[in-house]
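Novice: Sequence first, predicted coordinates after that:
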Amino acid sequence: MFRYFGFGSNLNITSLRAKGVEPLASRLAVLHGWQLRFNVQHFFRHEGGVGNIEPSEAPDARVLGVLYECPDDSLLSLDAMEACGHGYDRITVEVEADGEQLSALTYIGMPEFIDDSCRPSQRYLNIVVNGARQAGLDHDYVQNLVAQSVHRPDEYPPFTPPSGDYPVFDTDSWRTSRYIQRSTMQYSICRQRGPCTNF
């Protein structure tokens, strides 16, 4: 068994389970002397930045999160889904939970992936906020998350229908995909945003 401190999208138990981790137990925890950031560049640039923690000298600096107890065989899955060694490093931190000081694993952004101009996408921030609420984090802390400024991707380029009856991917921007089909002399255009669009 190992302890894992979740502070970003993994506040959300659904997100954690999707990464192949089924915790044995969980409780609220505080990481003192650190601050929450959203400055790790997402692999898909339209997503902006994702969660990170950094040491802080501010006297009241803290990161609220969930301390999970996880089976040993979950560590490989967690490392893979957190891109350990390819975006994040796994470290050990000391957190406070129920008045105890406990060691736990967590992940911090690798320097080459840090961009302080990054902001989270609304989609990502929603996952974090929902997880924080479900976990029962401090109300003011949750409200600060809600008030976080979000990433606004550039406007999508104008769309020009093709002449054939084929699925077409917009080559001007990988952020947008559209499926076009001809039906009774008309085009039916379905536009969905996101890197993984199912037609």
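Specialist: Received the coordinates, thanks. Residues are numbered from 1 along each chain as shown.
Novice: can we go C-alpha only for contacts and neighbour counts from here?
Specialist: Noted.
Novice: Could I get the average pLDDT for the helix ranked longest in the chain?
Specialist: Of all segments of type helix in the chain, defined using DSSP state H, the longest is helix 122-135. Averaged over helix 122-135, pLDDT sits at 93.
Novice: Check stretch 58-75 too.
Specialist: Mean per-residue pLDDT for stretch 58-75: 95.
Novice: quick one: terminal-to-terminal distance for it?
Specialist: 32 Å (CA to CA, to the nearest Å).
Novice: Would you state the strands of this protein in chain order?
Specialist: Ranges of strands within the chain are 2-6, 25-32, 34-41, 49-55, 62-70, 88-97, 100-109, 176-183, 186-193, based on DSSP state E.
Novice: could I get those strands as TSV with mean neighbour count?
Specialist: Compiled in TSV, the strands of the chain are given as follows (neighbours: other CA atoms under 10 Å):
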stretch	mean neighbour count
strand 2-6	22
strand 25-32	18
strand 34-41	21
strand 49-55	20
strand 62-70	23
strand 88-97	16
strand 100-109	18
strand 176-183	17
strand 186-193	12
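Novice: From Leu36, how far out is Glu54?
Specialist: 7 Å.
Novice: before we move on, what about Val142?
Specialist: According to CA to CA, Val142 stands 12 Å off from Leu36.
Novice: What of Arg17?
Specialist: Distance, Arg17 to Leu36, using CA to CA: 22 Å.
Novice: in the protein, which ranges drop under the pLDDT threshold?
Specialist: For the chain, the stretches flagged by pLDDT under 70 are 44-46, 154-199.
Novice: Tally up the residues packed near the residue nearest to Gly33 when sequence neighbours are not counted, please.
Specialist: If the residues on either side of it in the chain are set aside, Gly33 comes closest to Ala61, at 4.9 Å by CA to CA, 6 or more residues apart in numbering. Using other CA atoms under 10 Å, Ala61 has 14 other residues around it.
Novice: So what does Ala61 look like in phi/psi?
Specialist: phi -60, psi 140 (degrees, to the nearest 10).
Novice: correct me, but it touches Val30?
Specialist: No. Counting by CA atoms under 8 Å, Ala61 stays clear of Val30, with 10.1 Å between them.
Novice: Run through the residues that contact Glu94.
Specialist: Leu31, Gln101, Leu102, Ser103, Ala104 (CA atoms under 8 Å, 6 or more residues apart in numbering).
Novice: Now with 10 Å, please.
Specialist: Contact analysis of Glu94 by CA atoms under 10 Å, 6 or more residues apart in numbering lists Phe5, Ala29, Val30, Leu31, His32, Glu100, Gln101, Leu102, Ser103, Ala104, Leu105.
Novice: shared neighbours of Glu54 and Leu36, anything?
Specialist: Common neighbours of Glu54 and Leu36 (CA under 10 Å, 6+ apart) are Val63.
Novice: out of the strands of the chain, which comes closest to Ser121?
Specialist: Smallest distance to Ser121 across the strands of the chain (CA to CA): 7.2 Å, for strand 49-55.
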